[in-house]
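# this one's sequence-less:
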């Protein structure tokens with residue numbers, strides 16, 4: 001209306017900007033995982049666990065520098081090929097299945113049987129691990145056989161400290177006067193990591209130095225992978241005639257060292273437990289041959 005003055009509004013002050021928090025140089029940055037964390041084990045990895053349980057694998061060598069949170073393993077696969085598995089922040093294997101980005105059965109064999117990571121843990125199916133998780137895995141893993149004191153050393157220590165029992169039900173005297181440590185419940189073979197309790201002695205090989213046992217078949221494969229076989233436990237030179245008289249030789253297959261010929265392992269893959277349905281994006285019209293894509 002005429003004569004009315006237009007009201008004036010006081011200018012609004014812009015909202016104050018939040019001051020950025022300054023990073024404390026004394027507080028370390030949180031470690032980043034090398035892959036997305038999986039809350040539950042994926043189905044495709046569970047299928048590979050079934051293969052670890054149903055098939056037999058052999059750990060024929062392992063390498064670790066001191067207390068480094070990294071260890072390499074040589075694994076004799078189900079077709080005789082020897083693969084290298086590395087357990088570190090990004091577990092890996094040089095087999096064809098792992099080269100496609102899969103968490104292969106050789107990695108799972110090392111996690112579940114060699115390092116004995118509990119199946120209720122979330123560590124063994126992660127593609128990326130934190131330093132704290134690796135430390136936990138190596139801390140809780142059973143000691144490598146070669147790092148365990150021999151029975152002779154343990155017995156001498158027990159006698160020196162007055163802890164030696166009068167008799168031992170776990171040891172039997174062999175023909176040569178050496179003592180054999182007969183496997184008891186819970187004792188696993190240091191090569192295939194299957195139980196040895198109850199196995200007949202004719203199926204076992206005993207070290208003449210430390211008296212420890214392992215499957216005879218497993219020792220033969222351990223010995224054939226090395227020019228100068230030694231005891232898996234105490235690393236003493238193995239002089240059993242059967243170890244040096246084995247026939248056969250190593251060969252190459254698909255670019256890998258293959259011990260199938262000398263180990264009595266068929267080079268033909270058993271795909272009876274593998275998925276035979278359609279691939280993503282394909283229709284299924286009955287049986288399809290997928291070759292070796294899912295066989296590693």
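Nice, thanks for sending it over. Computed from a predicted model, the values in this text were never measured in an experiment.

# and the residue lying closest to residue 77 once chain neighbours are set aside, what does it touch?
Nearest in space to residue 77, with sequence neighbours left out and distances taken as C-beta to C-beta, 6 or more residues apart in numbering, is residue 83 at 5.7 Å. In this view, the C-beta of every residue, glycine as well, is placed from N, C-alpha and C. Contacts for residue 83 (C-beta atoms under 8 Å, 6 or more residues apart in numbering) come out as 74, 75, 77, 93, 94, 95, 106, 256.

# how about the second one, what does it touch?
Residues counted as contacts of residue 75 (C-beta under 8 Å, 6+ apart) are 57, 58, 59, 60, 82, 83, 84, 85, 93, 106, 109, 110.

# partner strands of the helix or strand where it lies, parallel or antiparallel?
Assigned by DSSP states H and E, residue 75 belongs to strand 71-76. Strand partners for strand 71-76, identified by DSSP bridges, are recorded as strand 58-63 (antiparallel), strand 82-87 (antiparallel).

# Tell me, what's the model's pLDDT at the closest residue to residue 135 other than its chain neighbours?
Of all residues not flanking residue 135 in the chain, residue 69 sits nearest, at 6.1 Å (C-beta to C-beta, 6+ apart). Here the pLDDT value assigned to residue 69 is 94.

# hang on, residue 69 packs against residue 133?
No. Using C-beta atoms under 8 Å, residue 69 is not in contact with residue 133, being 9.6 Å away.

# State the distance from the nearest residue to residue 132 once chain neighbours are set aside to residue 64.
Leaving aside its chain neighbours, residue 132 sits nearest to residue 31 (7.9 Å; criterion: C-beta to C-beta, 6+ apart). Here the criterion is C-beta to C-beta, to the nearest Å. By it, residue 31 lies 21 Å from residue 64.

# what's the answer for residue 143, then?
Residue 143 is 11 Å from residue 64, by C-beta to C-beta.

# Name the residue in these two with the higher neighbour count.
Neighbour count, other C-beta atoms under 10 Å: between residue 143 and residue 64, residue 64 has more, with 15 against 8.

# How about the contacts made by the more buried one?
With C-beta under 8 Å, 6+ apart, residue 64 has these contacts: 70, 71, 72, 144.

# What's the per-residue pLDDT of residue 14 here?
72.

# sorry, that was for residue 136
pLDDT, residue 136: 96.

# and residue 101, what pLDDT?
92.

# that's a helix at it, yeah?
No. Read with DSSP: H, G, I helix; E, B strand; the rest coil, residue 101 is coil and lies in no helix.

# what's around it, how many residues?
8.

# any idea how far it lies from residue 61?
Applying C-beta to C-beta to residue 101 and residue 61 gives a distance of 25 Å.

# Residue 121: how many residues sit nearby?
Around residue 121 there are 15 residues (other C-beta under 10 Å).

# which residues does it contact?
Counting by C-beta under 8 Å, 6+ apart, residue 121 has no contacts.

# Name the helix or strand for it, please.
Using DSSP H and E, no helix or strand contains residue 121.
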